Every structure is written in structure tokens, then in C-alpha cells.
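Visitor: I would like the atomic coordinates for the input below:
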Amino acid sequence: DRRKRSTTNFATKTVEVYAEFDRFATPSTGGACQGIHEGVSMVRDLFKGTMDRFGVSPLLADVGDPFVATRHESVGSADSSNLPDNSVAEVVQPGWILDAQSPKPVVLRKATVKLAKHGPKVPTPRPAAEAKAEAESKAAEAKAEAESKAAEAKAKAEAEAAEAKVPPSA
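Guide: Next up, the predicted model:
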């Protein structure tokens, strides 16, 4: 637990440094500093490759996605009649996640988004734990049904075998 916390803290700081490189790598309108911007861009790209190798990746949000409080931070709203209410209308800044493919990914920084207003209602996404519990319940029901059918078949086979062994009465 302590190691995971240390890794998370380090990854969070790494994201902050990358964001600064990214900000400075964006060229200004003048060409006087073009060489500096190219150098900073190369360092930023190298830094990003290192982050990728250690499981730090962008937490993407797409326009139209439902708002998920554990992954998104709302920083405003936008009128939109073609997007569902409380869905992502604009991505202000992408978020960052550690170990996205693991069973327990860690959100290092939420994606900052603006939410759609005045559109159709969007269903709220079911929590993963609820979906997992439902899947486990269905699996348990299927297993119990299979065991019940197997027990019935066994009892029937035993009854038929017992009938075959009883001599006919005269």
C-alpha cells in the first residue's frame, strides 16, 4: 500500500512536469524562439514516452460521453440541444491515469470538461461494482441450475439402475 501511494505521488508530479513542458512546447506566433520550442517539444516527447512505459497515460474524455465524477471535473456548462444533458460538451484539459489496464487504475488528474445543458436526458452509468455483482449473481444462478439438473439426472439414472436390478415378481 505504501509503495502504491509513493508511485501514485511520483506519477502525479510527473504529470505536472509534463503539463509544463507541453505548455512551453506550444510555439508562439513569433519565429524568434522556434529553436527553443523545438527543443522543449523534443524533451516533452521523450518525457511522454517514459511516462507511457511506466503506465501513465492520458485519461480521455469524448464529447457526448456521460459525466463520471470519478474521472471528470466539471468547470462549466455549454448550451447544446444535440447532446444529452450532463454529458461532456467540451474537453478543456485531458486527465491522466496510472495503470489504466489494471483492475484498480488510479486517476492522477481528472479530465476537466464542460457539461451539456438543455439537451435530452442521459441515463446515469451504472457503477462497475453494481454491474459486477449482477454478473456474479447470474453466474451463481446458472451454476445452481446446472447442479440441480445434474442431481436430477443422477437420481433418475440411479432409479433406473435400481429398477433394472430388481427381479420381476411372480
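Visitor: who's in contact with the residue nearest the centre of the chain?
Guide: Nearest residue to the geometric centre of the chain (CA atoms, centre = their mean): A100, 6.9 Å. Residues in contact with A100 (CB atoms under 8 Å, 6 or more residues apart in numbering) are 55, 57, 59. Any C-beta I mention is one placed from the backbone N, CA and C, and that applies to glycine too.
Visitor: Is it in a helix, a strand, or coil?
Guide: Secondary structure, DSSP: H, G, I helix; E, B strand; the rest coil: A100 is coil.
Visitor: What does the pLDDT read for it?
Guide: pLDDT for A100: 88.
Visitor: Tell me how far it lies from P58.
Guide: To P58, A100 is 9 Å away according to CB to CB, to the nearest Å.
Visitor: rewinding a little: I'd like the contacts of A100 as CSV, with pLDDT and neighbour count appended.
Guide: Output for those, formatted as CSV (pLDDT from 0 to 100; neighbours: other CB atoms under 10 Å):
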residue, pLDDT, neighbour count
G55, 93, 16
S57, 94, 18
L59, 92, 18
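Visitor: Which of those residues fall within strands?
Guide: Among the contacts of A100, the members found in strands (DSSP state E) are 57, 59.
Visitor: Among the contacts of A100, pick out the one closest to L108, please.
Guide: L59 (7.9 Å; CB to CB).
Visitor: thinking again about what came up before, in CSV, list the contacts of A100 along with distance to E20.
Guide: Listed next are the contacts of A100 as CSV, based on distance: CB to CB, whole Å:
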residue, distance to E20
G55, 21
S57, 18
L59, 18
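Visitor: Strands along the protein, start to end?
Guide: Applying DSSP E to the chain gives strands spanning 56-59, 72-79, 88-93, 95-98, 106-109, 111-117.
Visitor: which of the ones you listed is buried the deepest?
Guide: Across the strands of the chain, the average number of neighbours (mean count of other CB atoms under 10 Å) peaks for strand 95-98, which reaches a mean of 23.
Visitor: Any figure for the gap between the residue nearest to the centre of the chain and A161?
Guide: 57 Å.
Visitor: Okay, now the unreliable bits of this structure?
Guide: 27-31, 119-133, 137, 165-170 (pLDDT under 70).
Visitor: Which parts of it belong to which domain?
Guide: Following automatic domain parsing, one finds the domains of the chain at 1-54, 58-124, 126-162.
Visitor: Deepest-packed of the ones you listed, please.
Guide: Highest mean neighbour count among these (mean count of other CB under 10 Å): domain 58-124, a mean of 16.
Visitor: what distance separates that domain from the centre of its chain?
Guide: From the chain centre to the centre of domain 58-124 is a distance of 12 Å (CA atoms, centre = their mean, to the nearest Å).
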